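Trainee: have a look; sequence and predicted model below, questions after that.
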There are 4 protein chains.
Amino acid sequence: MAREVDISTLLSRQAGTRRFTQPIGMIGPGEGGIEDCEAAYAAAQAFARAGLHIICGGRGGVMEAASAGARAAGGVVVGLLPEDDIRAANPYLTVAIATGMGEMRNALIARSSLCLVAIGGGIGTLSEIALGLKWGKRVFALNSDADLPGMIKVESVNELIDVVLEWLAAHP
Amino acid sequence: MAREVDISTLLSRQAGTRRFTQPIGMIGPGEGGIEDCEAAYAAAQAFARAGLHIICGGRGGVMEAASAGARAAGGVVVGLLPEDDIRAANPYLTVAIATGMGEMRNALIARSSLCLVAIGGGIGTLSEIALGLKWGKRVFALNSDADLPGMIKVESVNELIDVVLEWLAAHP
Amino acid sequence: MAREVDISTLLSRQAGTRRFTQPIGMIGPGEGGIEDCEAAYAAAQAFARAGLHIICGGRGGVMEAASAGARAAGGVVVGLLPEDDIRAANPYLTVAIATGMGEMRNALIARSSLCLVAIGGGIGTLSEIALGLKWGKRVFALNSDADLPGMIKVESVNELIDVVLEWLAAHP
Amino acid sequence: MAREVDISTLLSRQAGTRRFTQPIGMIGPGEGGIEDCEAAYAAAQAFARAGLHIICGGRGGVMEAASAGARAAGGVVVGLLPEDDIRAANPYLTVAIATGMGEMRNALIARSSLCLVAIGGGIGTLSEIALGLKWGKRVFALNSDADLPGMIKVESVNELIDVVLEWLAAHP
C-alpha cells in the first residue's frame, strides 16, 4: 500500500540530515464538529508516525484533536497561542508558544508551515488557506467550504493522508 | 444628493472629539489594472475629502492609486511596508512605516482598519478580506472575484463611495 | 540661531520629493513625570514645526505629551496601540493603529522609526532603546537611566531638539 | 547534590499534567565566543535532561550551541528564524519556525519564554533581556555586559544551571 511505503521513506528521511524541520500546519475551527475532529486526530497521528512535526493554533476543536493525534503517535506539536499566557492551551501541546500577538498568530502559522492541512470550514480557516496560497504554500483541504484556485481538496481523511505523505515523499 | 450631506456630516465629526482616528484600510493588487486604480484613486479622494485617513500596504498598483487620491484631497495616508526600509514605498504616502514584518503586515492592515475597502481581485486581496471578515470588520468590495458571506459587494466606484460614507455617517 | 536655519531647511525638504516619510519614534514611560512630559511636548512640537511626523505607542504619559505637542504644531502623529481597539488611545493621535499585537508593538515602533527620541527612564524605554541601537537606529535620549554604547544622551530639551534637527538636516 | 534532586523532581513533573509546556528562552550572540557556546551547550543539555524544552533564535553561535546541547540530551528545540525560509537554521533544531518577521522575532522569543537564559553580551542580547524584564519574565544571565534591575547574574555555568533548575522546581 502506497502509504506504508511513504511512511518508511519519510521516517528514514527524518532520521537524516535532510529531515523536515518545518512543521506541517494544521488548521481548522476551534469549535470543530466531531467528524472534523476525528479526521484531524487521524491525520496528525499519521503525520507524526512519519516523523513529521505539527504546528497549530494551540487551542480547542480541530487544533486540540490534531494535537492529541500527533501526541498519541509520539510526535511533537507546537501551538501558537493568541494570548500571552498558556491558560487556553489544549493539554496535548509539546511546546506552547504564548505569542501575545492576538489573532495575528494565524498569519504566523500560515507563514511558517511546510504545507497547510485545513480541516473544516469557516472564515477563520478560509483566511489561513488564502494566506497560505498567497505565500505559495501547498494547501490540502478536507470538508472545506472554500474553493480557491490552488487548493487541493480531498474527499476523505484517508485521501488526505495519502496526498500529503506523497507530496512530502516527493519534496526536494 | 446623499453624498454631499454625508461628507459635510463627516467633516463636522472629524473636527470634533468623536472623530475617527482609525484609518480606512484600502487593499488591492500591487499590479492593479487601470480600472481598479482609477476606482481606488476616486474612492480614496472621496474618503479624504470627508476627513478620513487611509491605511494601505504602501506599495504600487491599487495601493499607490489610493495613496495618490487621498493626497490629492489633502488626506493622510499611512503605508505599512513589508520591508524594513522604505525604498519600495510609493511616493504619495504621508507616513511610511517600514515594518520589517514581511507579508505579515497584511494581517496588520486588516486588524487595524476601521473598515476595509477592497478593489480588485487576487488571492492576496482575498486573504485580507477573509481576515477582515473574521475579525468582524465591515468589508466593502469592488471588482472582487471573491464571494464570502458578509462582504458588501458593489457595482461601481460611485456606489462604493456612497455605501462607505453612509456606513461611516451611521457609525456610533 | 542654528535651530531656525534647520527648521527652514527641513521644511523646504519636507515640501519636496526627498521629504522624510519615515516618522520619528518618540518613546518614554506611560506614567511619565511632569518634566518628561513637558520635554516630550516641546520636542514633538519642534519636530512637527519642521514638517516631521511622529510615531509613538499611542497611550498616556510621554506618549500623550508628544502627541499633544505635535498636534499643537499641526503635525501628524501615528499611535501604535497594543490593543485591537482604540479605547486606550490618547486624544491627540492623528491616526490610531490598533495593532492587537500586545507589547510586541514596541518592537514595531523601534523597527520603523527614522530615529528614536527617548525621554525618561524605565525598563520599557530601555528595551526600545536597545532594540533601536541593535537595528542601527540613531537613538537620542533625555533623562534616561540607561547608558548603552551608541546612545546620544542630552542634558536638556533644547539640546535634544538641536541635535535631532541637526542630524535630520545632515541626513542623506 | 541539589541539582540531582531538582532534575528528578522536574522530570516527574514533566511526565504529568502540570508539566511545563512553555519553553525556556535561550538567548545570546550569533557569533558567540567558545566560552559562551560551551556554557550554552551545557546549560541546554541540563535543561533538556530535566525534561524542559528550549526556544531560541534558531541560528548560529550561542543559539546553535544551545540547540546542540538540548538535542544531545534528547530535548526539543524550537527555533524562531527571522527569514521566511529555513536556510539559515542551525542543524540541531527540532522544529524550525520561519517567521518572516525579521528581527521582530526577538521580541516573540522574549514574549513567549517561561524564563530567559542569556549567555554572552552585546546589544541584541541586552534588548531581549530588557524586553523579558519589562514583561515580568525571570532573566538569568551569564557573561553579560548588562546590569539591569531584576537580572539574576551568575558567575559560572554550574551556578546558572542550579539557579534555573531551582527556580523551575519552585515554580507553581
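Mentor: Happy to help now that I have it. Residues are numbered from 1 along each chain as shown, chains lettered A, B, ... in the order given.

Trainee: would you mind naming what in chain A lies close to chain D?
Mentor: A:17, A:21-23, A:53, A:55, A:76, A:78-79, A:84, A:86, A:89, A:91, A:93-101, A:108, A:111-112, A:135 (CB under 8 Å from any CB of the partner chain). All C-beta atoms are positioned from the backbone trio N, CA, C, and that covers glycine.

Trainee: swap in 7 Å and give it another go.
Mentor: If contact is defined as CB under 7 Å from any CB of the partner chain, the residues of chain A in contact with chain D are A:17, A:21-23, A:53, A:76, A:78, A:84, A:86, A:89, A:91, A:93-100, A:108, A:111-112.

Trainee: now, of the residues you listed, which are buried?
Mentor: With neighbours counted by 16 or more other CB atoms under 10 Å in any protein chain shown, these contain buried members at A:21-23, A:53, A:76, A:78, A:84, A:86, A:89, A:93-100, A:108, A:111-112.

Trainee: in chain A, which helix is the longest?
Mentor: Secondary structure of chain A read by DSSP state H shows that its longest helix is helix A:34-49.

Trainee: how about low-confidence regions in chain A?
Mentor: Regions of chain A meeting the criterion pLDDT under 70 cover residues A:1-5.

Trainee: follow-up on the earlier one: now the longest helix of chain A: buried residues?
Mentor: A:36-37, A:39-49.

Trainee: please apply the same query to stretch A:103-123.
Mentor: Using 16+ other CB under 10 Å, the residues of stretch A:103-123 that count as buried are A:103-123.

Trainee: that one: how far from the chain's middle?
Mentor: 8 Å (CA atoms, centre = their mean, to the nearest Å).

Trainee: close to chain B: what parts of chain A are there?
Mentor: Selection of chain A residues close to chain B by CB under 7 Å from any CB yields A:103-104, A:107-108, A:111, A:123-124, A:126-127, A:130-131, A:133-135, A:148.

Trainee: residues contacting A:Ala50?
Mentor: A:Ala50 makes contact with A:Asp6, A:Ile7, A:Leu10, A:Leu11, A:Leu165, according to CB atoms under 7 Å, 6 or more residues apart in numbering or on different chains.

Trainee: and it, how far from A:Arg19?
Mentor: 11 Å (CB to CB, to the nearest Å).

Trainee: identify the residues contacting the longest helix of chain A?
Mentor: Helix A:34-49 is contacted by residues A:7, A:24, A:26, A:28, A:32, A:54, A:61-62, A:65-66, A:68-70, A:72-75, A:117, A:119-120, A:142-143, A:157, A:160-161 when judged by CB under 7 Å, 6+ apart.

Trainee: which ones among those residues lie within helices?
Mentor: By the criterion of DSSP H, membership of the contacts of helix A:34-49 in helices covers A:Ile7, A:Val62, A:Ala65, A:Ala66, A:Ala68, A:Gly69, A:Ala70, A:Ala72, A:Val157, A:Leu160, A:Ile161.

Trainee: out of those, which end up buried?
Mentor: Neighbour-count burial within the ones in helices among the contacts of helix A:34-49 applies to A:Ile7, A:Val62, A:Ala65, A:Ala66, A:Ala68, A:Gly69, A:Ala70, A:Val157, A:Leu160, A:Ile161; the criterion is 16+ other CB under 10 Å.

Trainee: redo the residues you listed as CSV? Include distance to C:Ala170.
Mentor: Rendered in CSV, the data for those read as follows (distance: CB to CB, whole Å):
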residue, distance to C:Ala170
A:Ile7, 63
A:Val62, 56
A:Ala65, 60
A:Ala66, 56
A:Ala68, 61
A:Gly69, 61
A:Ala70, 57
A:Val157, 64
A:Leu160, 60
A:Ile161, 62
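
Trainee: identify the farthest-apart pair in those.
Mentor: Set against one another by CB to CB, those have their most distant pair in A:Ile7 and A:Val62, with a gap of 22.6 Å.

Trainee: ok, for the most centrally placed residue in chain A, nearest residue in space, not its chain neighbours?
Mentor: Residue closest to the average C-alpha location in chain A (CA atoms, centre = their mean): A:Met26, at 2.0 Å. Counting by CB to CB, 6 or more residues apart in numbering or on different chains, A:Ala66 is the residue found nearest to A:Met26 once chain neighbours are left out, at 4.2 Å.

Trainee: any idea how far that neighbour is from A:Gly25?
Mentor: Following CB to CB, the distance that separates A:Ala66 from A:Gly25 is 10 Å.

Trainee: cool, and A:Leu133?
Mentor: When distance is defined by CB to CB, A:Leu133 is 13 Å away from A:Gly25.

Trainee: A:Arg13 should be in a helix, yeah?
Mentor: Yes - counting by DSSP: H, G, I helix; E, B strand; the rest coil, A:Arg13 falls inside a helix.

Trainee: hmm, which of the contacts of A:Ala50 are the buried ones?
Mentor: Judged by 16+ other CB under 10 Å, buried ones among these: A:Asp6, A:Ile7, A:Leu10, A:Leu165.

Trainee: circling back to that earlier point, out of A:Leu133 and A:Gly25, which sits in the busier spot?
Mentor: Taking neighbours as other CB atoms under 10 Å in any protein chain shown, A:Leu133 and A:Gly25 compare with A:Gly25 leading, 27 against 22.

Trainee: dihedrals phi and psi, the nearest residue to that one once chain neighbours are set aside?
Mentor: Nearest non-adjacent residue to A:Gly25, counting by CB to CB, 6+ apart: A:Ser113, 2.9 Å away. With angles defined as degrees, to the nearest 10, A:Ser113 shows backbone torsions of phi -80, psi 150.

Trainee: the nearest residue to A:Ala130 once chain neighbours are set aside: neighbouring residues, count only.
Mentor: In space, not counting the residues next to it along the chain, A:Ala130 is nearest to B:Ser127; the distance is 3.5 Å by CB to CB, 6+ apart. The local packing count at B:Ser127 equals 29, with neighbours defined by other CB under 10 Å.

Trainee: next: A:Ser12.
Mentor: Other residues lying near A:Ser12 total 12 when counted by other CB under 10 Å.

Trainee: for A:Glu155, same thing?
Mentor: Look at A:Glu155: counted by other CB under 10 Å, it has 9 neighbours.
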